[in-house]
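**Student:** Structure for this input, please:
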Amino acid sequence: MQSLLIPFFCCLLLFCFCQNRKGNNKAEESKFNSSFNEIIEEAQTPLWLSEKVMPIDGEIKKGPYKRARKGVAETKEVLGNYLYLTRHGQGHPYHPFWNYVLGLNLLRINEDQLAYKALSQLIDLPDTTVYTNTIKRLTTLDELKELPRALRIRILAKQGFVEQTQTALQRYVPKQNYAAFNCAVAAMLIGEHDQSIALLQKALEPDIFIRLYKRSSATAGAVGMAYAMGRYEEVFSLSEWMIKLGKTVTDKGYMKFDDEGKRDSYSVDQWESSFDIVQSFRELAFKAKKGDTFIWKDLKDGSYHGSCRGFIDTLSVSVLVRDGVVSHIEVISCQDDRPFTTEKIIPKRIMDQKSLKIDAVTSATITSYAIVAATAGAVISARK
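**Tutor:** Residues are numbered from 1 along each chain as shown. Model prediction:
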């Protein structure tokens, strides 16, 4: 009889242990989910962000935002306008687009939780919502929601919610290159490098682009990410198509032309700056394969400088090494016409992460990765 009881009690103990562990896992998952929800729900509109009243009529359309060089103060001023538009312009055909712009600009100045809420408000709009069909490349509500879906995943990864990011990446299939690229960033940030590379390859497929000429800047970002992940072979493979076309390109798919048949200056700057950044990372990858990799410590003390072509002109970075460790990174020269925030945010993110695997500034891919390339060059020159 005793011999029969022993196996019974062993099985009972094993069952109780498994149930307890299962219960603990559920409790941890519940705690994790509630923690995430609390962070988003508790995000309050900061004191600096207040409504800026403006007329809501047929002329307002896209709103007051213009792509120009903006500092934090200017960006906040514009955000006040869009906050007013989103709160008081329901029913206007451009109202969903105003939510879109509000979310993107909050993301640009590191207001991740508020950006997530704004983007979610757009994504949760029913299909019957009134929406204009006059915005190029975003003619349907579903097209407008595509990038915000990917940006929410990127925010999850940036905030360190690994499990939620993994689940979201499994469930979501990006349809546009912007969305695929942002999902690749999310995968990189949580350490899923193989998945990130696969998404980057998808993001660079010509057929997935809404605007093919944007493929050049996406490639600059892709090779920068591949280098940061230590995937040096992919630096070369992802950029091979661009190298074959060369720095001076006349292909109408990658270049805009004016009425006189001349290449549009914006298109020229975008292609050539992207090409130079790609070249910089290819050179860095070549050095890395020979052993000169980016490292954070065991460096020679001193001040080091690196440079790389930005969108408009060459930008310069200063790196200070103390006690063998990178102690300060600063952009000392930059003429790019995207937000001033990029020049401050990217060095800070590199310092915070002690790595080049950082989240670039949304809509400032070229400037972001030019800073990354210049920083890498400076640090490598400090190797012993």
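**Student:** Now do the nearest residue to Leu147 once chain neighbours are set aside, the pLDDT please.
**Tutor:** Closest residue to Leu147 apart from its sequence neighbours, by CB to CB, 6 or more residues apart in numbering: Tyr178 at 4.9 Å. C-beta here means a position set from N, CA and C on the backbone, and glycine is covered the same way. On the pLDDT scale, Tyr178 is placed at 91.
**Student:** same question, Phe9
**Tutor:** At Phe9, pLDDT is 42.
**Student:** cool, and Leu119?
**Tutor:** Listed pLDDT for Leu119 reads 94.
**Student:** The helix or strand where it lies packs against which elements?
**Tutor:** Per DSSP states H and E, Leu119 falls inside helix 112-123. Helices and strands touching helix 112-123, by 3 or more CB pairs under 8 Å, 6 or more residues apart in numbering; DSSP states H and E, are helix 2-41, helix 95-108, helix 141-158.
**Student:** Next up, the contacts around the spatially closest residue to Leu189 that is not a sequence neighbour.
**Tutor:** For Leu189, ignoring the flanking residues on the chain, the nearest one in space by CB to CB, 6+ apart is Ala157 at 4.0 Å. Residues in contact with Ala157 (CB atoms under 8 Å, 6 or more residues apart in numbering) are 165, 185-187, 189-190, 359.
**Student:** would CSV of those with pLDDT be doable?
**Tutor:** Converted to CSV, these look like this (pLDDT from 0 to 100):
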residue, pLDDT
Thr165, 95
Val185, 98
Ala186, 98
Ala187, 98
Leu189, 97
Ile190, 97
Asp359, 94
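**Student:** With secondary structure as extra columns, can I get the residues you listed in JSON lines?
**Tutor:** Output for the contacts of Ala157, formatted as JSON lines (DSSP: H, G, I helix; E, B strand; the rest coil):
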{"residue": "Thr165", "secondary structure": "helix"}
{"residue": "Val185", "secondary structure": "helix"}
{"residue": "Ala186", "secondary structure": "helix"}
{"residue": "Ala187", "secondary structure": "helix"}
{"residue": "Leu189", "secondary structure": "helix"}
{"residue": "Ile190", "secondary structure": "coil"}
{"residue": "Asp359", "secondary structure": "coil"}
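**Student:** what's the domain layout of the protein?
**Tutor:** The chain breaks down into these domains under automatic domain parsing: 1-42, 291-380.
**Student:** Quick check: next helix or strand after the lowest-mean-pLDDT helix or strand in the chain?
**Tutor:** Ranked by mean pLDDT, DSSP states H and E, the weakest helix or strand in the chain is helix 2-41, scoring a mean of 45. Sequence order places helix 72-88 as the next helix or strand after helix 2-41, per DSSP H and E.
**Student:** Now do Arg152 against Met188, distance only.
**Tutor:** As judged by CB to CB, to the nearest Å, Arg152 and Met188 stand 16 Å apart.
**Student:** Low-confidence regions, the stretch 1-150 of the chain specifically.
**Tutor:** 1-43, 65-72 (pLDDT under 70).
**Student:** so how many other residues sit close to Gly291?
**Tutor:** By other CB atoms under 10 Å, 7 other residues sit near Gly291.
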